[in-house]
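Enquirer: Structural data only, the sequence is not supplied:
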C-alpha cells in the first residue's frame with residue numbers, strides 16, 4: 001500500500017505540474033520534462049520516508065549497508081536483462097517513428113496517431129508488467145523453497161490472472177476506442193484525422209493484448225527461475241525482431257494508415273507461440289525435476305506449539321524416549337554450520353537466517369533447505385519453523401500441535417522467566433502472533449488449524465502425559 005501511495009503521488013504531481021508548466025508558465029516541452037523529473041523525485045522521497053520510518057521488518061541502519069560481491073553479481077545478472085527489456089520499449093518507439101515517417105501517407109498524421117496509441121496501450125502493458133512482477137515475487141520464493149506444488153499453482157494462476165486482466169482491457173479498448181483516443185488526443189488542425197486513425201489502431205492492436213499478457217507473464221516466470229537471457233529474447237521478439245520488418249512491409253501499401261496496426265497483434269501472436277515453447281523447456285528443466293517434497297522413509301515428528309506450552313521440553317523428551325535426534329532452531333543452526341549449509345557464519349547472519357521469526361524470503365529458503373536435509377538423514381523430532389508444511393509430503397511425518405488456555409500459558413511463562421503477569425501475557429501474545437504470521441507466509445494456511453495436524457494436544461494435562469500420548473501413538 002505504501003509503495004502504491006508513493007508511486008501515485010509522483011504520478012499526480014507529474015499531471016498537475018504538466019498543466020502548470022505547459023500552460024500558465026508557457027514552458028512547453030521543457031515544462032513537461034521538468035514535471036516528469038519532479039514527479040519521479042516525489043515518488044523517491046516518499047518511498048524513502050515510508051521505508052526508513054515505517055518499515056519495521058528491515059533495519060535501515062547504515063551499518064547494515066555494506067556491499068556483498070556475490071549478492072551484487074546475482075542482482076545484476078537478472079537486473080541488467082530487466083533494464084534492457086525496459087529500454088527496448090523506447091527502441092520500439094523510435095524505430096516505429098522512423099519506419100512510419102517513410103510510409104506512403106502524411107508522416108505527421110501517422111506518427112501522431114502512433115504516439116497517441118502508444119500512450120493508451122501502456123495501460124495494458126503496465127498492467128501485465130504489474131502482474132509479472134507479482135509472479136516474480138511469489139514464484140521465486142516458492143521455487144527457492146523447492147515447493148513444486150505451489151510453484152505450479154503460481155505459474156498457472158499468474159498466467160490465468162494476466163489473461164483475464166488483458167482480456168478485460170481488450171474489451172474495454174474495443175468498446176471505448178474513440179473516447180480513449182479523444183482523451184489522449186492532440187490539439188491542433190489535424191486532431192480529427194489523428195483521432196480517427198488512432199481509433200482504428202486501438203481496435204486492431206488491442207486484439208493482441210491477451211497474447212502480450214501471456215508473453216509478459218512468461219517473462220516473469222523465467223526471471224523467477226533465474227533466467228536472464230530468455231526473457232530478454234522474448235522482449236526482443238515482441239518489440240523489435242517481429243515488429244520492425246512487419247511494419248516496414250505494411251508501410252509499402254497505399255492503405256498504410258488502416259493496415260499497419262496489424263503489426264502489433266501479429267508480432268504478439270508469434271511471440272506468444274515461441275514463449276510457450278520457451279516456458280515448456282524451462283519448466284521441464286527447473287520445475288518438473290523437483291521432487292514433491294518426499295524427503296525419504298524416516299520417522300519425522302514435527303511439533304508446532306503455542307508459546308508457553310513447553311513444546312521444546314516435550315519434544316526433547318520424546319526424542320530421548322525414542323532414541324532419535326532433536327532439533328529446535330538452535331540445533332538447526334548448528335546443523336547448518338556443520339554441514340556447510342550456512343554460507344556466512346557471522347553471528348548476525350546466523351541469527352537472521354536461523355533464529356529470527358521474521359518472514360524473510362532468503363531466511364525461509366535457508367531454513368527449508370536445512371529441514372529437508374535433516375529429514376533425509378535421521379529419524380528426528382523437529383520443533384517449529386513450519387516443518388510440518390515444509391515436509392508435508394513425507395509419508396512418515398507425524399504432525400503435532402500443542403496448545404493450552406491463555407491463562408495456563410501466562411502462568412507457565414511467569415514461572416520460567418520470572419515475568420510479571422502483564423509481561424508474560426505480552427510475550428505470549430506477541431510470540432503467537434509472530435509464529436502465526438511466519439507460518440501463514442510460508443504455507444498460506446492458518447496456523448493452529450486442527451485439520452493440518454495428526455495430533456492436537458492440550459498441555460494442561462502435563463508434560464509427562466503429553467510425552468506418553470505421543471510415544472504410544474507412534475508405537476501403536
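Expert: In hand now; what should we look at? The model shown is predicted, which means the values in this text are computed figures rather than measured ones.
Enquirer: mind checking pLDDT for the residue nearest the centre of the chain?
Expert: The centre of the chain sits closest to residue 137, judged by C-alpha atoms, centre = their mean, with a distance of 1.5 Å. Reading off the confidence values, residue 137 has pLDDT 85.
Enquirer: what residues are up against residue 301?
Expert: Residues counted as contacts of residue 301 (C-beta atoms under 8 Å, 6 or more residues apart in numbering) are 315, 318-319, 324, 380-382, 397-398, 400, 470, 474. Glycine gets a C-beta too; all of them are placed from N, C-alpha and C.
Enquirer: Separate out the buried members of those.
Expert: 315, 318-319, 324, 380-382, 397-398, 400, 470 (16 or more other C-beta atoms under 10 Å).
Enquirer: Take these and lay them out in TSV including distance to residue 197, pLDDT and secondary structure.
Expert: TSV is the format used below for these (distance: C-beta to C-beta, whole Å; pLDDT from 0 to 100; DSSP: H, G, I helix; E, B strand; the rest coil):
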residue	distance to residue 197	pLDDT	secondary structure
315	72	93	helix
318	76	91	helix
319	76	90	helix
324	75	89	coil
380	70	92	strand
381	72	94	strand
382	66	93	strand
397	64	91	strand
398	69	92	strand
400	69	93	strand
470	75	92	helix
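Enquirer: nearest to residue 174, of these?
Expert: Set against residue 174, the nearest of these by C-beta to C-beta is residue 397 (52.3 Å).
Enquirer: tell me which residues of whichever strand or helix holds residue 169 are tucked away?
Expert: Per DSSP states H and E, residue 169 falls inside helix 148-175. Using 16+ other C-beta under 10 Å as the test for burial, helix 148-175 gives 148, 150-152, 154-155, 158-159, 162-163, 165-166, 169-170, 173.
Enquirer: and which of those residues is nearest residue 420?
Expert: residue 150 (42.4 Å).
Enquirer: For that closest one, which non-adjacent residue is spatially closest?
Expert: Nearest non-adjacent residue to residue 150, counting by C-beta to C-beta, 6 or more residues apart in numbering: residue 142, 4.3 Å away.
Enquirer: tell me the SS of the one you found?
Expert: Classification of residue 142 by DSSP: H, G, I helix; E, B strand; the rest coil places it in helix.
Enquirer: and it, how many residues sit next to it?
Expert: Residue 142 has 22 neighbours, counted by other C-beta atoms under 10 Å.
Enquirer: confidence score at it?
Expert: At residue 142, pLDDT is 84.
Enquirer: swap in residue 188?
Expert: So, for residue 188, pLDDT stands at 43.
Enquirer: which residues of the stretch 51-200 of the chain fall in helices?
Expert: 69-100, 107-144, 148-175, 177-183, 191-205 (DSSP state H, counting those that start in this stretch).
Enquirer: whoops, I mixed them up, the stretch 201-350 of the chain
Expert: Counting by DSSP H, counting those that start in this stretch, the helices of the stretch 201-350 of the chain are 209-224, 229-236, 243-251, 256-259, 263-286, 311-322, 329-338, 347-350.
Enquirer: Most tightly packed of those?
Expert: Mean neighbours per residue, mean count of other C-beta atoms under 10 Å, is largest over these for helix 209-224, with a mean of 27.
Enquirer: Distance check, the residue nearest to the centre of the chain against residue 174.
Expert: 31 Å (C-beta to C-beta, to the nearest Å).
Enquirer: do the same with residue 390
Expert: From residue 390 to residue 174 the distance is 47 Å (C-beta to C-beta).
Enquirer: circling back: I'd like the helices of the stretch 51-200 of the chain laid out as a markdown table, including distance to residue 41.
Expert: Formatted as a markdown table, the helices of the stretch 51-200 of the chain follow (distance: least, C-beta to C-beta, whole Å):
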| stretch | distance to residue 41 |
| --- | --- |
| helix 69-100 | 19 |
| helix 107-144 | 20 |
| helix 148-175 | 30 |
| helix 177-183 | 27 |
| helix 191-205 | 32 |
